[in-house]
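Peer 1: model the following, please.
(one chain, ligands or ions: 1)
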Amino acid sequence: MAYTTVLTEIRGRVGIVTLNRPQAMNAFNTLMLTELFDALDNFDKDENVGAMVVTGNEKAFAAGADIKEMAESSPFQMITQGRVELWDRIRGIKKPVIAAVSGWALGGGCEFAISCDMIVASESAKFGQPEITIGIIPGGGGTQRLARLLGKPLAMEMILNNRTLTAAEALQFGLVNRVVPLDGYLDAAIALAEEIASRAPLAIRMAKDSINAAFESTLTEGLKTEKRNFYPLFSTEDQKEGMKAFIEKRKPDWKGR
Ligand code: CO8
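Peer 2: Predicted coordinates for the structure are as follows:
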């Protein structure tokens, strides 16, 4: 597929999408968002892909929504053009998505990164929600996800007062999985994705769905979702193979069925 604002490649069983608007600090215009989610949807359907990595460049993961594109918009246009809804497409991706973040992850860039399933950051990564400085608030889920991930006081400070988190702070507060030197962050993200992609595909899918339920529901509802995802795995060849391989002291050969 020929995209103009993202680059795609498959390495091993990992689908990689690179945001590619360096002249605009990878700000998300409508085209880049559409191409990003089309690429992720295609990888999601591709049996040769087990996990995905989304990255930017060393200076910027993404500096948010494209301010120039929306500067003159009315509320009516913001609604009818469906730009805000585009961000929700990340919730439809069933395979694990890892954000490999270096440099700025601001506004929608931070919101997209925290919508992914895991984040591997370079030492230079910086996370922030500067919308308040341009007279708006986050619209891609930042108020909800940061409050859940970081708690109220820090989410308030980031969103109300443009507090930026360094990579070290993001690690300390549990926003990212690991911080890696600049020259290795992308390889580290791909290695993590490759490891996850080597595991039983259906169980990975059920695990992601179950963990996400923890952010959507009460404990009782979430536990029901976990059970709904747990029992059907006993009808898969991979469950039989996984347990047999354990007993026979060998590596399992996953079939994804
Ligand atoms: N939108 C459009 N262009 C941008 C953006 C952006 N978000 N960020 C940077 N650029 C452009 C600059 O305008 C500049 O272009 P030009 O060379 O034509 O002047 C180019 O990228 C390089 O940027 P700088 O010269 O500013 O580079 P610096 O290294 O000095 O600064 C920063 C880098 C700190 C990243 C700075 O560019 C900046 O602060 N950017 C804006 C960050 C921001 O406010 N983000 C929030 C945007 S709003 C948002 O994300 C809301 C999400 C809501 C989701 C739903 C919406 C539909």
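Peer 1: please count neighbours and contacts with C-alpha atoms only from this point.
Peer 2: Will do.
Peer 1: could you export the helix or strand Ala39 falls within as CSV, CA atoms only?
Peer 2: According to DSSP states H and E, Ala39 maps onto helix 30-45. Only the C-alpha atoms of helix 30-45 are listed here, as CSV (Å, rounded to 0.1, in the frame of the first residue of the first chain):
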residue,chain,number,x,y,z
THR,A,30,-6.3,13.9,8.9
LEU,A,31,-4.3,12.1,6.2
MET,A,32,-1.6,10.8,8.6
LEU,A,33,-4.2,9.6,11.1
THR,A,34,-6.1,7.8,8.4
GLU,A,35,-3.0,6.2,6.9
LEU,A,36,-1.8,5.2,10.4
PHE,A,37,-5.0,3.4,11.2
ASP,A,38,-5.3,1.9,7.8
ALA,A,39,-1.8,0.5,8.2
LEU,A,40,-2.6,-0.8,11.7
ASP,A,41,-5.8,-2.4,10.5
ASN,A,42,-4.0,-4.1,7.6
PHE,A,43,-1.4,-5.5,10.0
ASP,A,44,-4.2,-6.6,12.4
LYS,A,45,-5.7,-8.7,9.6
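Peer 1: show me the contact partners of the helix or strand just after it.
Peer 2: Sequence-wise, the next helix or strand downstream of helix 30-45 (DSSP H and E) is strand 51-55. By Cα atoms under 8 Å, 6 or more residues apart in numbering, the list of residues contacting strand 51-55 from outside reads 13-19, 40, 43, 61, 95-101, 186, 189-190, 193-194, 196-197.
Peer 1: elements contacting the next helix or strand along the chain from strand 51-55?
Peer 2: Using DSSP H and E, the helix or strand that follows strand 51-55 towards the C-terminus is strand 60-62. With contacts taken as 3 or more Cα pairs under 8 Å, 6 or more residues apart in numbering; DSSP states H and E, strand 60-62 sits against strand 97-101, strand 104-106, helix 108-115.
Peer 1: now do the shortest one: which elements does it pack against?
Peer 2: Same thing as strand 104-106. Against strand 104-106 (3+ Cα pairs under 8 Å, 6+ apart) you get strand 60-62, strand 126-128.
Peer 1: this structure against the ligand: which residues are in contact?
Peer 2: 23-25, 27, 63-68, 83-84, 104, 106-108, 130-131, 138-140 (Cα under 6 Å from any ligand atom).
Peer 1: in strands, which of those residues appear?
Peer 2: Under the assignment DSSP state E, those contribute 104, 106 to strands.
Peer 1: which among the residues of the chain next to the ligand end up buried?
Peer 2: 25, 27, 63-66, 83, 104, 106-108, 130-131, 138-140 (16 or more other Cα atoms under 10 Å).
Peer 1: picking up where we left off before, off-centre distance for the helix holding Ala39?
Peer 2: 13 Å (Cα atoms, centre = their mean, to the nearest Å).
Peer 1: relative to strand 51-55, how tilted is it?
Peer 2: 160 degrees (axes from the mean of the first three to the mean of the last three Cα atoms, to 10 degrees).
Peer 1: buried residues in helix 30-45?
Peer 2: Within helix 30-45, the residues that qualify as buried are 30, 32-37, 39-41, 43-44, counting by 16+ other Cα under 10 Å.
Peer 1: if we only consider the residues you listed, which is nearest to the ligand?
Peer 2: Thr30 (7.9 Å; Cα to the nearest ligand atom).
Peer 1: among the buried ones among the residues of the chain next to the ligand, which two are most distant?
Peer 2: Arg83 and Trp104 (21.6 Å; Cα to Cα).
Peer 1: least trustworthy helix or strand in the protein by mean pLDDT?
Peer 2: helix 83-86 (a mean of 87; mean pLDDT, DSSP states H and E).
Peer 1: next up, the contacts around Phe127.
Peer 2: 104-106, 110, 164-167, 170.
Peer 1: go on, Ala167?
Peer 2: Ala167 sits in contact with 121-127, 179, where contact means Cα under 8 Å, 6+ apart.
Peer 1: ok, the closest residue to it other than its chain neighbours - contacts?
Peer 2: Nearest non-adjacent residue to Ala167, counting by Cα to Cα, 6 or more residues apart in numbering: Ala125, 5.1 Å away. For Ala125, the contact set (Cα under 8 Å, 6+ apart) comprises 101-105, 166-167.
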